[in-house]
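Visitor: Fold the stuff below for me.
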Amino acid sequence: MINQVTLVGRLTKNAEIKKVGENLILLGSLAQNVGKKGEEKAYYFDFFKIVENDKIVSYLKKGTLLAVSGSLTYKEKEIEKKHIRYYSVRVTSIDFLEPKEAAKKEEAQEIKEEDLPF
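Guide: Model (predicted):
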């Protein structure tokens, strides 16, 4: 059976590193907007990757455009007497889809018209 998935989206928040036993786990969440302009819906995907060190987390900031590839996992758990089912991706590769400069330019373009002096 083949279990391979690739997701493309922007990080919804800064990625985190958690220690689980002897492993360091990189945790993150991607958002993807789907639909026509003005009628967009957002879909969210969680991912995790076992990493050797925490250096990569400094590059995984909110809004970063990524492609993550790996295998789809399904989990169920009970939280406050509610049965929760969710999917996540156990990542084998992370690709940055825009250069660092593009992310900085996007932040700079978020200036509102009323903030301009002319």
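Visitor: And the helices in the protein, which stretches?
Guide: Secondary structure of the chain (DSSP state H): helices located at 100-108.
Visitor: so where is it shaky, pLDDT-wise?
Guide: Residues of the chain meeting the criterion pLDDT under 70: 100-118.
Visitor: need the strands for it, in chain order.
Guide: Assigned by DSSP state E, the strands in the chain fall at 5-11, 16-20, 23-34, 41-51, 65-79, 82-96.
Visitor: Name the residues of the last one that are buried.
Guide: I take that to be strand 82-96. For strand 82-96, burial by neighbour count (16 or more other CB atoms under 10 Å) applies to 88-89, 91, 94. For glycine as for every other residue, the C-beta is placed from the backbone atoms N, C-alpha and C.
Visitor: any idea which residue sits dead centre in this protein?
Guide: For the chain, the residue whose C-alpha lies nearest the mean C-alpha position (CA atoms, centre = their mean) is Leu30; its distance is 2.9 Å.
Visitor: so what's Ile56 up against?
Guide: Going by CB atoms under 8 Å, 6 or more residues apart in numbering, Ile56 touches 15, 26, 94.
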